[in-house]
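**Student:** Have a look; sequence and predicted model below, questions after that.
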Amino acid sequence: MIKQAAIVVALAVIALGADTYCKRQTGYTYSLAANGWDKCDSNGLACCYYVNGSVIIYSHNYNNGSYNPNTHCEYIIDIDEDCDLHMCIAMDFSMDGGDSIKITTMDASIEYRGEKSLFNANLGSNAASLTFRSDDSEPLESGSKWAIGFVCVPKTEYRSVCEVCEDLADQIVEGPEDDEVVKAVD
């Protein structure tokens, strides 16, 4: 029993001292925004965002048409528990062959790699995690960028995924302001 307690305490100490991919030893900047927080180093190598409302998430350097290689970003979307998240994908969605996006809720996990197309969906949850990873290969000649909208739809209100995503399409196409990665939905 004492040995088990010592192991648990040791693991807790290790977990507290361990760096996750959201925190860099040096070279990261921290900023607080109305829709959460982010930490990124100057190369976009690691970042985390906490999002607490309906948003559109854009890949880094979206307006330039290509995100940085070796990027690892996690976006935690956590909205009102009386809502279901609807996910809407940009029509010009493109990723390099070695890149991936993984969307995880309490009940499901979906991973997209390379040129595989995503689809609009009702995630059936008020919380989700989106993880994006790019490899070190050169970006596609045509560019690599993506945009995904997450919209809170009250559980008491029926709206089809098609309706929600059609309403959001123009805002996605507008693109982000300057180098913003997260844009609040009107």
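**Tutor:** Structure received. Numbering: from 1, shown residues only.
**Student:** Indicate each strand paired with whichever helix or strand K183 is part of and its parallel or antiparallel sense.
**Tutor:** Under the assignment given by DSSP states H and E, the secondary-structure element containing K183 is strand 182-184. Applying DSSP bridges to the sheet, strand 182-184 is found paired with strand 55-58 (antiparallel).
**Student:** mean confidence score for the partner strand?
**Tutor:** For strand 55-58, the mean pLDDT works out to 92.
**Student:** which other residues reach that strand?
**Tutor:** 35, 49, 51, 75, 77, 130, 145-150, 168, 171-172, 175-176, 180-185 (CB atoms under 8 Å, 6 or more residues apart in numbering). (Each C-beta comes from the backbone N, C-alpha and C, glycine too.)
**Student:** Going by neighbour count, which residues in the strand holding K183 are buried?
**Tutor:** Taking 16 or more other CB atoms under 10 Å as the neighbour-count basis, strand 182-184 is seen to contain the buried residues V182, K183.
**Student:** Could you list the single helix or strand in this structure with the lowest mean pLDDT?
**Tutor:** Ranking every helix and strand in the chain by mean pLDDT, DSSP states H and E puts helix 2-17 at the bottom, with a mean of 35.
**Student:** Below-threshold pLDDT in this protein: ranges please.
**Tutor:** Low-confidence regions of the chain, defined by pLDDT under 70, span residues 1-46, 91-92, 114-116, 138-140, 142-143.
**Student:** Which parts of it are strands?
**Tutor:** Using DSSP state E, the strands assigned to the chain run over residues 28-33, 36-41, 46-51, 55-58, 72-78, 83-89, 100-104, 109-113, 121-122, 127-133, 147-154, 182-184.
**Student:** between those, which one is nearest to S66?
**Tutor:** strand 55-58 (12.4 Å; CB to CB).
**Student:** Take the closest one, keep the C-alpha atoms, and write them as PDB.
**Tutor:** Output of strand 55-58 as PDB, limited to C-alpha atoms (Å, rounded to 0.1, in the frame of the first residue of the first chain):
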ATOM      1  CA  VAL A  55     -15.800  30.400 -33.800                       C
ATOM      2  CA  ILE A  56     -14.000  29.800 -37.000                       C
ATOM      3  CA  ILE A  57     -10.500  28.400 -36.700                       C
ATOM      4  CA  TYR A  58      -8.100  29.200 -39.500                       C
END
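**Student:** Number the chain from 12, please
**Tutor:** Renumbered: residue one is now 12, and that last one reads strand 66-69.
**Student:** List phi and psi for D189.
**Tutor:** Note on D189: its backbone torsions stand at phi 50, psi -120 [degrees, to the nearest 10].
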